[in-house]
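>>> show me how the following folds:
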Amino acid sequence: MTGAPPMERTAGALPFSNSKLSVLRKHPYFSDLEPDAFDQLCRYAKHTTLKRGTAIFSKGDPGTSLIAVISGTVKISISSPDGRNAILNLIEAGEIFGEIALLDGLSRTADATANTNCELFVIDRREFIPFVRSQPTLAMKFIELLCARLRWTSDQVEQIILQNLPGRLASALLRLSDKHKREPRGRTISITQQEISEMVGMTRESINKQLRAWATRGWVKLEHGAIVVLKPDVLQELVDAGSNDDE
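The predicted structure is shown next:
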């Protein structure tokens, strides 16, 4: 797929409900904008609803937009010519993605796919770049975002090169669940075992065996399409130790 996903927008200056606009207002990179500046940002936002499995953009596509997730989950991944997939990140409601190619004007570095049914806000680069230039504080926050992405990628590389399966799996679960630690449901990650196997570079069978061992010990709980981290401190010990234990 090239370009941005199909858009649906209602006429009017602020066509979206306050609950949807709150996704942008609550985002740490936009929360400090003055009301007039935030209203301007909202006028740029185009609304789209996508079905699960829909391609949002592909690696090599032009970076024409910044995307915010209103609801659902977006998978950021890469694939090889022989059909192998690697998941780099899962972007959830309240998060943004697509900023790298948006800011440098080059091509997309990975594929983005609707991992569930999704609602998105899409902001065109032609409008967003001049807006950022008029908001120095926002520009600094996007530098912070790029640094966070780089740290995330560095952590993934470290896992694959230096850690065995338990350490890699524990590190991935902690990174994915950290954003949920203050929510009422706790550290629940909406992810399948196949998806997490593509994230840590191991077979689904190996992932299933390890998770079942941890579930027996009460470290995690396995739900349909989700994993609940019950003992993050224990998993962190596995990460810190490099984990020489196969279970």
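>>> any idea which element residue 132 lies in?
helix 125-133 (DSSP states H and E).
>>> quick check: angle from the helix or strand following that helix to helix 125-133?
Following helix 125-133 in sequence order, the next helix or strand is helix 136-162 (DSSP H and E). Taking axes from the mean of the first three to the mean of the last three CA atoms, to 10 degrees, one finds helix 136-162 and helix 125-133 inclined to each other by 110 degrees.
>>> helix 136-162 packs against which elements?
Secondary structure elements in contact with helix 136-162, counted by 3 or more CB pairs under 8 Å, 6 or more residues apart in numbering; DSSP states H and E, are strand 85-92, helix 99-104, helix 125-133, helix 165-177, helix 193-200. Every residue, glycine included, has its C-beta placed from N, CA and C.
>>> buried ones in the last one, by neighbour count?
By neighbour count on 16 or more other CB atoms under 10 Å, the buried set for helix 193-200 is 193, 195, 196, 197, 198, 199, 200.
>>> next, the angle strand 85-92 makes with that helix.
110 degrees.
>>> show me the contact partners of helix 193-200.
Taking contacts as CB atoms under 8 Å, 6 or more residues apart in numbering, the residues outside helix 193-200 that touch it are 75, 77, 85-88, 90, 115, 156, 159-160, 165, 168-169, 172-173, 203-204, 206-208, 211, 227.
>>> what pLDDT does residue 162 get?
The model reports residue 162 with a pLDDT of 68.
>>> ok, now residue 40?
90.
>>> that one and residue 132 touch, don't they?
No: if you go by CB atoms under 8 Å, residue 40 and residue 132 don't touch, sitting 11.7 Å apart.
>>> before we move on, the earlier item: drop anything exposed from the contacts of helix 193-200.
75, 77, 87-88, 90, 115, 156, 159, 165, 168-169, 172-173, 207, 211, 227.
>>> with respect to residue 146, which of the residues you listed is nearest?
Proximity of those to residue 146 (CB to CB) peaks at residue 88, which lies at 14.7 Å.
>>> spatially nearest residue to that closest one (excluding sequence neighbours)?
What sits nearest to residue 88 in space, not counting adjacent residues and going by CB to CB, 6 or more residues apart in numbering, is residue 76, at 4.7 Å.
>>> name the helices or strands packed onto whichever helix or strand that neighbour is part of?
Under the criterion of DSSP H and E, residue 76 resides in strand 73-79. In terms of contacts (3+ CB pairs under 8 Å, 6+ apart), strand 73-79 is packed against strand 85-92, strand 111-114, strand 118-124.
>>> would you map out the domains in the chain?
Following the TED database, the chain resolves into domains at 21-157, 163-242.
>>> residue nearest the centroid of this structure?
Nearest to the geometric centre of the chain sits residue 91, at 2.1 Å (CA atoms, centre = their mean).
>>> show me what that one is bridged to.
Listed by DSSP bridges, the beta-bridge partners for residue 91 are residue 74.
>>> got a list of what it touches?
69, 73, 74, 75, 76, 97, 112.
>>> I'd like the next helix or strand past the lowest-mean-pLDDT helix or strand in the chain.
The helix or strand of the chain with the lowest confidence, counting by mean pLDDT, DSSP states H and E, is helix 18-26 at a mean of 75. As assigned by DSSP H and E, the chain's next helix or strand after helix 18-26 is helix 35-44.
>>> what residues sit buried inside that following helix?
37, 38, 40, 41, 42, 44.
>>> one more: stretch 110-125?
Buried residues in stretch 110-125 (16+ other CB under 10 Å): 110-116, 118-125.
>>> what does stretch 134-153 contact?
28-30, 32-33, 37, 88-89, 96, 99-100, 103, 131-133, 175.
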